[in-house]
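predicted model, plus sequence, below.
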Amino acid sequence: MLSERLRSIFRKDSDPVSYGAQLAGPQTSAARSVSSSGQAGRKSPKKETPSTRQSRGLEQFFFNIRDVVGLSVLDCAGANQDNIDFLIDLGHKVYSQDLVRNLDEAFGRDLTEQLNPSRIDYFLRQNFAYPPETLDGVLLWDSLQFMSPALLNATVERLYDVMRPKSYLLAFFTATERVLEVPSYSFRIGDNKTIVLTERDIRPAGQVFNNRNLEKLFGKFESVKFFLTRESLREVIVRR
């Protein structure tokens, strides 16, 4: 079967982050983050219970790539085996980065560190070292909302370069404006329209996000579409 053949090619149970390393070169910050003994900054004081819900954004993402196999998809939820299995079963190549954890590795929790051009360049090289127009889909989840404007703009610019024309990305942003801190979640794909969220911790918000400034942020892209959820998350589908 196609899914079994693809799994035998791309799946390495002992090294799940290698999906990203196939294009990005030697294992970098994402690989180190999997074996890291802890996460920078404070964590939630209690163990959070996973929450399962429908996601219009995820449904739209998979609807847009339906009936196509062999796509290159970057999942920024980390080396999540459920996500890897789901995407491989659809017939796609999977590359993994834990973008939120890699933010801590590159900058810590101090947003002023994200203003340093050399650190920004390092972060982009470690996480998005793909040739131009390589990726057919990017699952960013909630990672962008923890970036200050300088890093955020540079990251979106790099994403534009490494994504193919007519490809799609999915990103989540808090819909509560003017907050200093917001929850960070881990995201597991249940099916093509269902996600399982588990709160990771509380993090500083990079800036205020609303529909207007998100449309400006993705101004080079062809289209931006919004969905509002009950968790006060703004789901955003962007077409390159």
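Looks like it arrived, so ask away. Numbering: from 1, shown residues only.

quick check: next helix or strand after the helix or strand bottoming out on mean pLDDT in the chain?
Lowest mean confidence among the helices and strands of the chain (mean pLDDT, DSSP states H and E): helix 29-35, at a mean of 34. From helix 29-35 onward toward the C-terminus, using DSSP states H and E, the following helix or strand is strand 51-54.

output the contacting helices and strands for that following strand.
Counting contacts by 3 or more Cβ pairs under 8 Å, 6 or more residues apart in numbering; DSSP states H and E, strand 51-54 is packed against strand 194-204. For glycine as for every other residue, the C-beta is placed from the backbone atoms N, C-alpha and C.

so what does the strand it packs on touch, helix or strand wise?
Here strand 194-204 touches strand 51-54, strand 181-191, going by 3+ Cβ pairs under 8 Å, 6+ apart.

would you mind listing the buried residues in the last one?
Applying a neighbour-count criterion of 16 or more other Cβ atoms under 10 Å, one finds 182-189 buried in strand 181-191.

so what's the backbone phi/psi at residue 127?
Backbone torsions of residue 127, given as degrees, to the nearest 10, read phi -110, psi -20.

mind listing the strands for this structure?
51-54, 72-75, 93-96, 135-141, 163-174, 181-191, 194-204, 223-228, 233-239 (DSSP state E).

the third one pairs with which strands, and in what direction?
Think strand 93-96. Strand 93-96 sits in its sheet next to strand 72-75 (parallel), going by DSSP bridges.

send me the strand it pairs with as CSV with only the CA atoms.
Extracted C-alpha coordinates of strand 72-75, given in CSV (Å, rounded to 0.1, in the frame of the first residue of the first chain):
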residue,chain,number,x,y,z
SER,A,72,6.0,18.4,1.4
VAL,A,73,4.4,19.5,4.7
LEU,A,74,6.2,21.2,7.6
ASP,A,75,4.6,20.5,11.0
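
can you give me how far that strand is from the chain middle?
9 Å (Cα atoms, centre = their mean, to the nearest Å).

that one - what's its average pLDDT?
Averaged across strand 72-75, pLDDT comes to 98.

repeat for stretch 110-122
Rounded mean pLDDT across stretch 110-122 is 93.

buried sites along that stretch?
For stretch 110-122, the neighbour count (16+ other Cβ under 10 Å) marks 111, 114, 120, 122 as buried.

any idea how far residue 220 is from the third one?
What it means is residue 120. As judged by Cβ to Cβ, to the nearest Å, residue 120 and residue 220 stand 18 Å apart.

and the buried residues of stretch 110-122, which is closest to residue 98?
Ranked by distance to residue 98 (Cβ to Cβ), the buried residues of stretch 110-122 are led by residue 122 at 16.3 Å.

now do the contacts for residue 132.
Counting by Cβ atoms under 8 Å, 6 or more residues apart in numbering, residue 132 touches 161-162.

nearest residue to the residue most central in space within the chain other than its sequence neighbours?
With distances taken as Cα atoms, centre = their mean, the residue of the chain nearest its centroid is residue 140 (2.2 Å). Nearest non-adjacent residue to residue 140, counting by Cβ to Cβ, 6 or more residues apart in numbering: residue 171, 4.2 Å away.

so what's the one you found bridging to?
Applying DSSP bridges, one finds that residue 171 bridges with residue 141, residue 236.

how far away is residue 51 from residue 114?
Residue 51 is 29 Å from residue 114, by Cβ to Cβ.

residue 76 against residue 94, yeah?
No - taking contacts as Cβ atoms under 8 Å, residue 76 lies outside contact range of residue 94: 11.5 Å.
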